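J.: Curious how this folds, go ahead:
(chains A and B, ligands or ions: 2)
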Amino acid sequence: MLIHALRRIGRFGFEMLSSMGRALRLLSSALIRRPDHRNIPLIIGQIYQLGVLSILIIVCSGFAIGAVLALQGYTQLVRVGSESALGLGVALVLVMEIGPVVSALLFAGRAGSAVTAEIGLMKATEQLASMEMIGVDPISRIIAPRFWGGFIVLPLLALMFSVVGIWAGSLVAVDWLGVYSGSFWSVMEQGVDFFDHVMKGIIKSIVFGFVVIWISLYQGYDSLPTSEGLSKATTNTVVFSSVWILVLDFFLTLMMFEL
Amino acid sequence: MTRNSIVFDNVSYNFGKKEIFKNLSFEVPAGQTVGIMGPSGTGKTTLLRLMGGQIQPDNGTILVEGKDINKIKRAELFELRKCLGMLFQSGALFSDLTVFENVAFPLKEHTRLNGEMIRYLVLIKLNSVGLRGAAHLFPRELSGGMQRRVALARAMALDPKLIMYDEPFTGLDPIALGVISNLIKDVGSVYECTNVIVSHDIEETARISNLLYVLSEGEIIGQGSPQDLKKDDSPRLKQFLNGLPDGPVPFHYPAPEYLDSLIGVKNTKRTIIKRDD
Ligand SMILES: Nc1ncnc2c1ncn2[C@@H]1O[C@H](COP(=O)(O)OP(=O)(O)OP(=O)(O)O)[C@@H](O)[C@H]1O
Ligand SMILES: [Mg+2]
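T.: Ligands and ions are numbered 1, 2, ... in the order given. Presented below is the predicted three-dimensional model:
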């Protein structure tokens, strides 16, 4: 019984290690190669697929979260009479924390799962194999453009999320709850520093983008060519991405904001 | 001495514990049309994947156009594949590209021809498989047989030195069958291209091949020109060529005794569900 359990743990550990090895190999072979000018239109296509088509969900969520933050913040701050700091609070929380994290979670669900399903299906229907036999490496033609597209796009989406959130916050605070608009904006301007705050948020979303698109590509490329394999790969993308985003967020925060 | 396009030297290959090939050796002479026949499930598709370098043998060497396909670098392998064509058993067309774009894909990737030239070449290839009119359709809008004809046109697009066909004759009506098999034959004789045809359609394969190999249970059980094979009277070969169910060539995938699986209530679970892993 015990031996059986140990053996299963061993096998699980081995499987995990070898899967990490395969993921690393996929990543390195996608990144370490001569730049190919023919990939530029493909990357632009992926920026559209992964980025532009995600704008709607990012804008809606950013708006909702910005509005909620302003409402919640107002009810607390107004009690101590410092509702003029509301703009600053909303902006900092969005730019450093919620913007990068929530947009990465949304990106994993909307774009990451799509990438996994697309590549998994290409594998299952032998499209990747037939591309190889034509003499075109799918890692440079299929994997690399998706990687760069996703990598470039997520930081931009996160910024967009924050900007829309701040705007929604101002609508709630200034136009609805009657916070003085001069103090809302000027306290925010004084308190938010580009390098201290905005840059750190951008660094976070760069890391998240890298991890999410890597997981999505690997899950698709490594999926079993069956319907169950494909469904498992898509689920894995969303689950693993989400967990990694939250765990990494903790460590990045720890590293960047010396306490 | 004739040059060989493909040489298998003592190649062994296993899927897990299932042995597919054991010390398989054979040659495909350049410029010939070679048919490889064998019952379903003997490993014909696996053989083509070995030739294309998509899977590696456990033992032995495979030379394709003089290069050891498992020793050369990845970049070299892709370079070599530019002069190979492969027709997949499933067609394996790019589902997001139209028929035209599918056939144009290898040309766009590997040549510097301008758009107009590519258009001519693609339409010529499509015309030769009778699908010029379907150029604007997507693969999902085609029937299975039509998809495979498009895949054939795509495999031939670059006029490769060596084309491998996985079951080129399935899913074709008698007219298409005649046209396609003549097309394969002509490609061989006009462009001096080596054809490797994997099929279980004995008659059609024998009609257009110069050399036949019959594969069963991981070994070559017969080889020679179609005329030679007809004269050969080894029982396994006879059974396969005449399509008899009983004989030394198994029709069934390895399994416990039929009767046991059906009525052996006690052993049912063990016999049916037993797996090697
Ligand atoms: N991925 C795999 N894992 C395990 N076994 C496999 C796998 N692919 C194929 N096989 C086994 O290898 C054997 C050969 O398969 P292959 O597809 O090469 O047969 P084939 O000769 O092309 O058959 P057909 O004429 O029906 O296409 C089969 O017995 C099959 O069960
Ligand atoms: Mg097959």
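
J.: what are the ranges of the helices in the stretch 51-200 of chain B?
T.: Ranges of helices in the stretch 51-200 of chain B, per DSSP state H, counting those that start in this stretch, are B:74-81, B:99-110, B:115-128, B:144-156, B:174-190.

J.: tell me the angle the third one makes with helix B:174-190.
T.: Same thing as helix B:115-128. Orientation check (axes from the mean of the first three to the mean of the last three Cα atoms, to 10 degrees): helix B:115-128 against helix B:174-190 gives 120 degrees.

J.: Next: the first one.
T.: Regarding helix B:74-81 and helix B:174-190, their directions subtend 110 degrees when assessed with the same axes, to 10 degrees.

J.: Which residues belonging to helix B:74-81 are considered buried?
T.: Buried residues in helix B:74-81, counted by 16 or more other Cβ atoms under 10 Å in any protein chain shown: B:L77, B:F78, B:L80, B:R81. Placement of C-beta: from N, CA and C, glycine included.

J.: returning to what we had before: would you single out the least confident of the helices of the stretch 51-200 of chain B?
T.: Note on those: helix B:174-190 shows the lowest mean pLDDT, a mean of 85.

J.: From the rest of the structure, what touches that one?
T.: For helix B:174-190, contacts defined as Cβ atoms under 8 Å, 6 or more residues apart in numbering or on different chains pick out B:31-33, B:128-130, B:145, B:149, B:152, B:156, B:163, B:165, B:168-169, B:172, B:193-195, B:197, B:204, B:207-208.

J.: can you pull out the helices in the stretch 51-200 of chain A?
T.: Along the stretch 51-200 of chain A, the segments classed as helices by DSSP H, counting those that start in this stretch run A:55-77, A:86-93, A:99-107, A:113-124, A:127-134, A:138, A:144-170, A:181-191, A:199-221.

J.: hmm, who's touching the shortest one?
T.: If you take Cβ under 8 Å, 6+ apart as the criterion, helix A:138 is touched by A:M122, A:L128, A:M131, A:E132.

J.: For A:M20, pull up the helix or strand it's in.
T.: Using DSSP states H and E, the element containing A:M20 is helix A:2-31.

J.: Now do the buried residues in the helix or strand just after that helix.
T.: Scanning forward in sequence from helix A:2-31 by DSSP H and E, the next helix or strand is helix A:39-46. Under the neighbour-count criterion of 16+ other Cβ under 10 Å, helix A:39-46 has A:N39, A:L42, A:I43, A:Q46 buried.

J.: How much space separates the closest residue to the last one other than its chain neighbours from chain B?
T.: Pointing back at A:Q46 there. Counting by Cβ to Cβ, 6 or more residues apart in numbering or on different chains, A:Q46 lies nearest to A:G149, which is 2.7 Å off, once chain neighbours are set aside. A:G149 is 16 Å from chain B, where distance means Cβ to the nearest Cβ, to the nearest Å.

J.: now do A:G66
T.: Computed as Cβ to the nearest Cβ, the A:G66 to chain B distance reads 37 Å.

J.: residues near that residue, how many?
T.: A:G66: 29 surrounding residues under other Cβ atoms under 10 Å in any protein chain shown.

J.: Spell out which residues sit in contact with the residue nearest to it when sequence neighbours are not counted, please.
T.: Take A:G66 and drop its neighbours on the chain: the residue closest to it by Cβ to Cβ, 6+ apart is A:G165, 3.0 Å away. A:G165 makes contact with A:G62, A:F63, A:I65, A:G66, A:L69, A:V90, A:L94, A:I98, A:G99, according to Cβ under 8 Å, 6+ apart.

J.: Please repeat the previous calculation with a cut-off of 10 Å.
T.: Counting by Cβ atoms under 10 Å, 6 or more residues apart in numbering or on different chains, A:G165 touches A:59, A:61-70, A:90-91, A:93-95, A:98-99, A:102-103.

J.: Which single residue of the stretch 1-150 of chain A ends up nearest ligand 2?
T.: Closest to ligand 2 within the stretch 1-150 of chain A is A:E126: 11.8 Å, counting by Cβ to the ion.

J.: Please work out the residue of the stretch 51-200 of chain B nearest to ligand 2 and name it.
T.: B:Q89 (4.8 Å).

J.: B:K82 versus the residue of the stretch 1-150 of chain A closest to ligand 2, what's the distance?
T.: 19 Å (Cβ to Cβ, to the nearest Å).

J.: Likewise for A:S140?
T.: 14 Å.

J.: what sits against the residue of the stretch 151-259 of chain A found nearest ligand 2?
T.: Here the stretch 151-259 of chain A gets closest to ligand 2 at one residue, A:P225, 15.1 Å apart by Cβ to the ion. In this structure, A:P225 makes contact with A:G120, A:L121, A:M122, A:K123, A:A124, A:T125, A:E126, A:L128, A:A129, judged by Cβ under 10 Å, 6+ apart.

J.: Kindly report the same for B:K82.
T.: B:K82 makes contact with A:I134, A:G135, A:V136, B:P106, B:E109, B:H110, B:T111, B:L158, B:P160, B:K161, according to Cβ under 10 Å, 6+ apart.

J.: run the last query once more with 7 Å
T.: The contact partners of B:K82, by Cβ atoms under 7 Å, 6 or more residues apart in numbering or on different chains, come to A:G135, B:H110, B:L158.

J.: separation between it and B:K161?
T.: From B:K82 across to B:K161, the span is 10 Å (Cβ to Cβ).

J.: do the same with A:Y218
T.: 35 Å.

J.: try B:S189
T.: When distance is defined by Cβ to Cβ, B:S189 is 14 Å away from B:K161.

J.: Next one: the closest residue to ligand 2 within chain B relative to B:D58, how far apart?
T.: Nearest residue of chain B to ligand 2 (Cβ to the ion) works out as B:T45 at 3.1 Å. Distance from B:T45 to B:D58, counting by Cβ to Cβ: 17 Å.

J.: ok, the two, which is more surrounded?
T.: B:T45 (16 against 13).

J.: what about the host helix or strand of that one and ligand 1, touching?
T.: For B:T45, the element it lies in under DSSP H and E is helix B:44-51. Yes. Using Cβ under 6 Å from any ligand atom, we find that helix B:44-51 touches ligand 1 at B:K44, B:T45, B:T46.

J.: Could you dump the residues you listed into CSV with distance to A:T75 and pLDDT added?
T.: Below are the residues of helix B:44-51 next to ligand 1 laid out as CSV (distance: Cβ to Cβ, whole Å; pLDDT from 0 to 100):
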residue, distance to A:T75, pLDDT
B:K44, 73, 89
B:T45, 67, 90
B:T46, 68, 91
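
J.: Return the residues in contact with the spatially closest residue to A:G89 that is not a sequence neighbour.
T.: In space, and not counting its chain neighbours, A:G89 is closest to A:G73: 5.0 Å by Cβ to Cβ, 6+ apart. Listed by Cβ under 7 Å, 6+ apart, the contact set of A:G73 reads A:L86, A:G89, A:V90.

J.: any idea how far the last one lies from A:L171?
T.: Looking back up the chat, that one is A:V90. Distance of A:V90 to A:L171, given as Cβ to Cβ: 11 Å.

J.: between the two, who's got more neighbours?
T.: For A:V90 and A:L171, the more surrounded residue by other Cβ under 10 Å is A:V90, and the numbers stand at 30 against 15.

J.: picking that back up, could you tell me the angle between the helix holding B:T45 and helix A:127-134?
T.: 50 degrees.

J.: and helix B:44-51, C-alpha only, in CSV?
T.: What follows is helix B:44-51 as a C-alpha-only set of coordinates in CSV (Å, rounded to 0.1, in the frame of the first residue of the first chain):
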residue,chain,number,x,y,z
LYS,B,44,2.6,1.2,-43.0
THR,B,45,1.8,4.7,-41.8
THR,B,46,4.5,4.2,-39.1
LEU,B,47,6.9,3.3,-41.8
LEU,B,48,6.3,6.6,-43.6
ARG,B,49,6.6,8.5,-40.4
LEU,B,50,10.0,6.9,-40.0
MET,B,51,11.0,7.9,-43.5
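
J.: what packs against it?
T.: strand B:4-15, strand B:59-64, strand B:162-166, strand B:194-199 (3 or more Cβ pairs under 7 Å, 6 or more residues apart in numbering or on different chains; DSSP states H and E).
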